[in-house]
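Q: coordinates only, sequence not included:
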């Protein structure tokens with residue numbers, strides 16, 4: 001999509017962190033592990049962008065994913081957000097909502113949601 005529209009690609013991985021001060025045993029380790037996973041994902045995105053000769057800006061952050069994505073889009077004047085849907089169960093979605101649903105409704109940009117079973121090439 002970025003290639004087609006001669007756009008800059010921004011890739012953001014947000015490791016979920018819902019508490020400002022971890023009190024739960026092992027939470028810091030869990031967040032650190034997820035940040036490392038995020039760095040691996042972002043490295044793959046950077047490599048693919050380089051192969052496609054796309055200009056890219058990448059980042060890995062910890063925070064509340066839906067509000068972190070919303071703020072990033074506003075701060076970087078993002079035109080379109082592409083976000084994956086995790087396929088959360090109906091019960092989980094009714095209790096908590098989903099990140100994708102929140103971003104669709106609250107983000108300052110158009111949002112393209114990719115289904116969990118979709119394959120992008």
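A: Sure thing, it's come through. This structure is a prediction, so every number in the text was calculated from the model and none was measured.

Q: averaged pLDDT, the strand or helix carrying residue 111. What do you get?
A: Per DSSP states H and E, residue 111 falls inside strand 110-114. Mean per-residue pLDDT for strand 110-114: 88.

Q: where does the chain have its least confident helix or strand?
A: helix 90-96 (a mean of 51; mean pLDDT, DSSP states H and E).

Q: can you show me the helices along the chain?
A: For the chain, the helices defined by DSSP state H cover 27-51, 65-75, 90-96, 99-106.

Q: lowest average pLDDT across those helices?
A: helix 90-96 (a mean of 51).

Q: returning to that earlier point: export the helices of the chain as CSV, with columns for mean neighbour count and distance to residue 82.
A: For the C-beta atoms, the positions are set from N, CA and C on the backbone; glycine is no exception. Converted to CSV, these look like this (neighbours: other C-beta atoms under 10 Å; distance: least, C-beta to C-beta, whole Å):
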stretch, mean neighbour count, distance to residue 82
helix 27-51, 14, 11
helix 65-75, 18, 11
helix 90-96, 10, 20
helix 99-106, 18, 10
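
Q: mind putting those in CSV, distance to residue 6 included?
A: Shown next, in CSV, are those (distance: least, C-beta to C-beta, whole Å):
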stretch, distance to residue 6
helix 27-51, 14
helix 65-75, 19
helix 90-96, 36
helix 99-106, 24
